[in-house]
Every structure is written in structure tokens, then in C-alpha cells.
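*Asks:* here is my input, please return the structure:
(2 chains)
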2 protein chains.
Amino acid sequence: MTSHYEKIDLPVSKVRRYLEPGPIVLVSSASGGKTNIMTMGWHTVMEFTPSLVGCVISADNHSFHLVRDSGECVINLPTTAMIDEVVGIGNSSGASIDKFERFNLTAEEAQKVKAPLIRECYANFECRLADDSLVDKYNFFIFEVVKAIVATSPQHPETLHYTGDGVFMVSGKIISRRAQFRPEML
Amino acid sequence: MTSHYEKIDLPVSKVRRYLEPGPIVLVSSASGGKTNIMTMGWHTVMEFTPSLVGCVISADNHSFHLVRDSGECVINLPTTAMIDEVVGIGNSSGASIDKFERFNLTAEEAQKVKAPLIRECYANFECRLADDSLVDKYNFFIFEVVKAIVATSPQHPETLHYTGDGVFMVSGKIISRRAQFRPEML
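*Replies:* Numbers count the residues shown, from 1 in each chain, chains lettered A, B, ... in the order given. All right, here's what the predicted structure looks like:
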């Protein structure tokens, strides 16, 4: 795991490049002086502009309350090198431990939200709650990404995709079919 | 591309195994004697039981109207071997062509919905519209998977994950960390 990514701004309309492939992400949040991190696999891009991401955060999770109370979070993208942190964070509760401390992760100040971002992750997407109309029924939050930064290299990070049962698929190999796309579909 | 998968029933509560990793899927639909297929990358699992999947189908798509009118669709999982069909289907409109015919795909009768499934795909998830409350605002449909079948082999299909710009990531390599999971988290 590297903790020394150089990062640059990414237009928020382009976060689909990293989220549409469906990687496991780490959601960091803060409320009432407490922070937490959760592992999340149930999310989808919903719009380019505004940059909307929908995701399920179970009410059983400690993070649910921090996210709902603060109306903010950061979606952080770990690479395969962070699999131990991903598994450990998903199998522990922020009600009893400080996950930044326990997993040696660095809580870095975000630019547009109060939730901290995780420095060791490849990309960080700062989010504000945009629509909570399906939270009570489905634990489904719709966030607007208000600030995005990504590592300058590698161009295509190897990411983890969860299948359940403790098994992850790894994405990394790239196939470009750009030449076969109509320009307006790119 | 093989068109000869042997398939077996999958409990609908287990479709997350194939959808949570975030693959590109093909959505087949039917209404008023017409069928269509679209390529879709914006989807998320929302619940195990009932088996809910949320997804964005743009109102610009021909499929939007077929799905909305019929309240049904089939989510079909293509493997990397079907990349030409995935790209071709995503770059054409069912308003002007019959995509089953154009891409040599077999429309097979589904068991619980009237929309056809695509025989050549690795898995087929028959869906009924469960909640359309966010369709007008976000083109976001919540479907209940009412029937699921999957190929018996390979156990872990190689799948396509779209990043935009005509570029796909391929998932296939598997890492199991089952031993590190608390039993209730599996």
C-alpha cells in the first residue's frame, strides 16, 4: 500500500470513470467529533451533472448515523493493495474502535465537506447528501459529488469488486473499444 | 462467444454475487409486440430479500418506454467474450433496428416476465418494476428480481466494467479472504 499518491483535481462530472466499474469503496464520515469508515459495495452513478451517486448504507452501520446527521461523506477508492484494510474495515464496527487509528489510515482534511478523506486511497470524492427521500424505505442515499481528486498514476488502478462470501474479483486489465463508439456515446 | 451455457436456478437473494461487482449488463425488454436490448452500467444491488436492484435507464433510450410501459425487463450478464455485442448494442438504437436480429442473439422465453431473456448471456435475472417513485426525477428504476438462472461453468465469469470513453476494465482474477470475515458478514 502506498500512502504517497500525488493527486490532482478531477472534474466531478467524470467520477463515473472510477465508480461505474463497480469497485468496493471506503466511505468516511464525521459527526459530533467522531469519525468512521465503512466498506461499501452497493452504489451506482446516477447523473453526470450534477454529479450524483446513489448508495445503500444500512441503518445497522455505525456510519449510517454519522452520514445522516452530517449530510456528508467522502467516497474513497482503495486499490487491490489495500485489501487488508478493506476487509478489516468491513468486519469491524466504528461503535467500538477508531478505524483510522486501528488500520493506520490518515484522516486528511477535505476541501468542501467536514468528513475526512482517506489519504492512502487512490481517489477521494467529497459528497453532500442531495436526496434522502428513499433513506427510510431502502437506506438509499443520493449524494452529489462536490469535489474530486485522483492519483496521477497509475492511469488505471487495479480495483476490488465484491461478490459476497468473502470473495473479491480484481479489475485491472483494460480493453479500449473507443474506435467503435459513436462520438456522442463517449 | 458461447451460446451453449447450461444454466441452473439461482436463489434470487444471491444475485448480488454477479451484480455487486458492477459489470456492464444487457437489459432486454418487450412491449406492444416489440423487443429491445440496451447496454447498462449504472446499477446497484439494494436489498437481498426481496431481491432489489436499482438502475438508471435514460429517458432518451428506446428501452425506457418499453420497460416503463411493461413494468418488466430482464438483466442479462454478458462475459468479456461478448464485448462486440455489448459495444454494438450500446451504440445503436432499437428505434431503428431489431437488436436480437442485428447481433445474432437468441430471444428466449422468460419464466416469470414477458420480456425475453438473452440465451447467450452467462446469467439472466427476470425483473419486475417494484418502485418507480424516482423515475421522473432521475430515470431511476427499482426492480425486484423474481427469477434468476446462471451458467454452471465457469464458476467466476470474466466480466466487463465500463469506465466511459470506450474503455472497459476486465474482472476475472479472484481473491478469497473468506477466512478473515466474521460469519455474519458473509
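
*Asks:* how many neighbours does the single nearest residue of chain A relative to chain B have?
*Replies:* Going by Cβ to the nearest Cβ, chain B is nearest to A:G22 of chain A, at 1.0 Å. Every residue, glycine included, has its C-beta placed from N, CA and C. If you count neighbours by other Cβ atoms under 10 Å in any protein chain shown, A:G22 ends up with 30.

*Asks:* just give the closest residue to it, not the sequence neighbours.
*Replies:* Nearest residue to A:G22 in three dimensions, chain neighbours excluded: B:G22, at 1.0 Å (Cβ to Cβ, 6 or more residues apart in numbering or on different chains).

*Asks:* same deal with A:H161?
*Replies:* Using Cβ to Cβ, 6+ apart, the closest residue to A:H161 is B:P21 (3.5 Å).

*Asks:* right, and the one you found touches B:P157 too?
*Replies:* No: with contact defined as Cβ atoms under 8 Å, B:P21 does not count as touching B:P157 (10.1 Å).

*Asks:* more neighbours: the two, which one.
*Replies:* Using other Cβ under 10 Å, the more surrounded residue of B:P21 and B:P157 is B:P21, with 27 against 22.

*Asks:* does any part of the lowest-mean-pLDDT helix or strand in chain A sit near chain B?
*Replies:* When the helices and strands of chain A are compared on mean pLDDT, DSSP states H and E, strand A:167-176 comes out lowest with a mean of 92. Yes: Strand A:167-176 lies within reach of chain B by Cβ under 8 Å from any Cβ of the partner chain, at A:167-176.

*Asks:* let me know the pLDDT of A:A179.
*Replies:* A:A179 carries a pLDDT score of 89 in this model.

*Asks:* look up how far B:V25 lies from the residue nearest to it when sequence neighbours are not counted.
*Replies:* Excluding the flanking residues, the one nearest A:A179 by Cβ to Cβ, 6+ apart is B:G166, at 7.3 Å. B:G166 sits 18 Å away from B:V25 when distances are taken as Cβ to Cβ, to the nearest Å.

*Asks:* the two: which has the busier surroundings?
*Replies:* Shown here are B:G166 and B:V25; by other Cβ under 10 Å, B:V25 has more neighbours (26 against 18).

*Asks:* pretty sure the more buried one sits against B:H43.
*Replies:* Yes: contact criterion Cβ under 8 Å: B:V25 and B:H43 qualify, at 6.7 Å.

*Asks:* now for the closest residue to A:C121 other than its chain neighbours: which residues touch it?
*Replies:* Once flanking residues are discounted, A:C121 sits nearest to A:N76: 3.8 Å by Cβ to Cβ, 6+ apart. Going by Cβ atoms under 8 Å, 6 or more residues apart in numbering or on different chains, A:N76 touches A:25-28, A:117-118, A:121, A:123-125.
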